[in-house]
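Give me a 3D structure for the following:
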Amino acid sequence: MTPSTPHQDLSKLCIHTITTKPWAIEEAAKNYAAAGVKGITVWRDALEGRNIRQTGNLLRDHDLTVVSLCRGGFFPSKDPNKRKAALDDNRKAIEEAAALGTSLIVLVCGADPGQPLEESRKQIQDGIAAVLPEATAAGVRLAIEPLHPMYADTRSAINTLAQANDMAEALNSPYVGVAVDVYHLWWDPSLQREIQRCGEQGNLMAFHICDWKSPTTDLLLDRGLMGEGCIPIRQIRAWVEATGFTGFNEVEIFSTAYWQEDQSVFLKKIIKAYRENS
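Below is the predicted model of the structure:
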């Protein structure tokens, strides 16, 4: 298969549990596996009240690769007590990832609108550095995910792939890299060059796909299926694969409309869209 051709099989398809949010993780695992999906990324809310190690075993019993745990991060705050609480939560996430049996945590890095973005970025880098010894000891990698600039107030002060690459390179650890999400980065004129830079540094750890609907009704909760919007997903995937990346293509869709649908019907739509438009 050349990078410019559509997917012909599901061997690299991963779905995030948040994509089919109405399903409990046990139901998601059963249905993903029955449909031929091979990967699952677990959001931490899906683990509440469960034995995490047993849940990881359940996922593998369904022949699912546990691609990553979402999410760590949210390091910045003007309040030092909140910064400390964030570090504690990230250390807990590292323990959860290890128990689940995945070697990757995706970081939504956070921001505090009450302080300059530069200060939030410094606190992010300091926060990652602070938990890096625990991550390294556990064999868990940390992927910095840049978010669209519309989220720069509270969700992330890391808004371009260049910023994420800069930070990963500054931290200089094989356990720190980046996650590329087309929803957040498709607009960036430097995207191809920065993805190539990921390949040169060997720090591309995750690739997330969905689509940007136009017009969108909600900047957070109206993501589209691949092919429903204006993101050149196939082109970006080609750039990603040109780096030598052989990981999963992770479908991550937040959608109030799709969460209200029959999730079995939605899963069929995901697979069709993946085959035809990604």
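
Just the strands from this structure, written as ranges.
13-16, 39-43, 65-73, 104-108, 141-144, 176-181, 204-209, 249-251 (DSSP state E).

Ala129 is nearest to which of these?
Closest approach to Ala129 among the strands of the chain is made by strand 176-181 (8.9 Å; Cβ to Cβ). Where you see a C-beta, it was placed from the backbone N, CA and C, and this is true even at glycine.

Point out the other helices and strands that the closest one packs with.
strand 141-144, helix 161-171, helix 191-201, strand 204-209 (3 or more Cβ pairs under 8 Å, 6 or more residues apart in numbering; DSSP states H and E).

can you do 7 Å?
Counting by 3 or more Cβ pairs under 7 Å, 6 or more residues apart in numbering; DSSP states H and E, the packing neighbours recorded for strand 176-181 are strand 141-144, helix 161-171, strand 204-209.

ok, which stretches of the stretch 1-150 of the chain are helices?
Ranges of helices in the stretch 1-150 of the chain, per DSSP state H, counting those that start in this stretch, are 25-35, 52-61, 80-100, 117-138.

With respect to Asn277, which of the ones you listed lies nearest?
helix 25-35 (17.2 Å).

Off-centre distance for the closest one?
19 Å (Cα atoms, centre = their mean, to the nearest Å).

list the helices and strands that helix packs on?
Against helix 25-35 (3+ Cβ pairs under 7 Å, 6+ apart) you get strand 39-43, helix 52-61, helix 263-277.

follow-up on the earlier one: out of the helices and strands packed on strand 176-181, which comes closest to Pro113?
Short answer: helix 161-171, nearest of the helices and strands packed on strand 176-181 by Cβ to Cβ, at 17.7 Å.

just to revisit the earlier point, how about the helices and strands packed on strand 176-181 in CSV, adding mean neighbour count, distance to Leu185 and mean pLDDT?
Output for those, formatted as CSV (neighbours: other Cβ atoms under 10 Å; distance: least, Cβ to Cβ, whole Å; pLDDT from 0 to 100):
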stretch, mean neighbour count, distance to Leu185, mean pLDDT
strand 141-144, 26, 12, 99
helix 161-171, 19, 6, 98
strand 204-209, 25, 10, 98
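
Tell me which of the helices and strands packed on helix 25-35 sits most buried.
Mean neighbour count (mean count of other Cβ atoms under 10 Å) peaks for strand 39-43 among the helices and strands packed on helix 25-35, with a mean of 24.

Contacts for that one, please.
Defining contact as Cβ atoms under 7 Å, 6 or more residues apart in numbering, one finds that strand 39-43 is touched by 13-18, 25, 29, 32, 59, 64-70, 100, 248, 250.

Convert the C-alpha atoms of that strand to CSV, please.
Extracted in CSV, the C-alpha atoms of strand 39-43 (Å, rounded to 0.1, in the frame of the first residue of the first chain):
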residue,chain,number,x,y,z
GLY,A,39,-6.4,-0.9,18.5
ILE,A,40,-8.0,1.0,21.4
THR,A,41,-7.0,4.2,23.2
VAL,A,42,-8.4,4.4,26.6
TRP,A,43,-9.7,7.6,28.2
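
Next, the contact list for Thr19, please.
Neighbours of Thr19 in contact, by Cβ under 7 Å, 6+ apart: 251-253.

if we go to 10 Å?
Applying Cβ atoms under 10 Å, 6 or more residues apart in numbering to Thr19 gives the contacts 28, 32, 40-41, 43, 210, 223, 250-255, 258-259, 263, 266-267, 270.

and what of Val131?
Counted by Cβ under 10 Å, 6+ apart, Val131 has contacts 72, 75, 86-91, 93-94, 105, 107, 140, 142.

between these, which is closest to Asn159?
For those, the nearest to Asn159 is Leu107 (13.7 Å; Cβ to Cβ).
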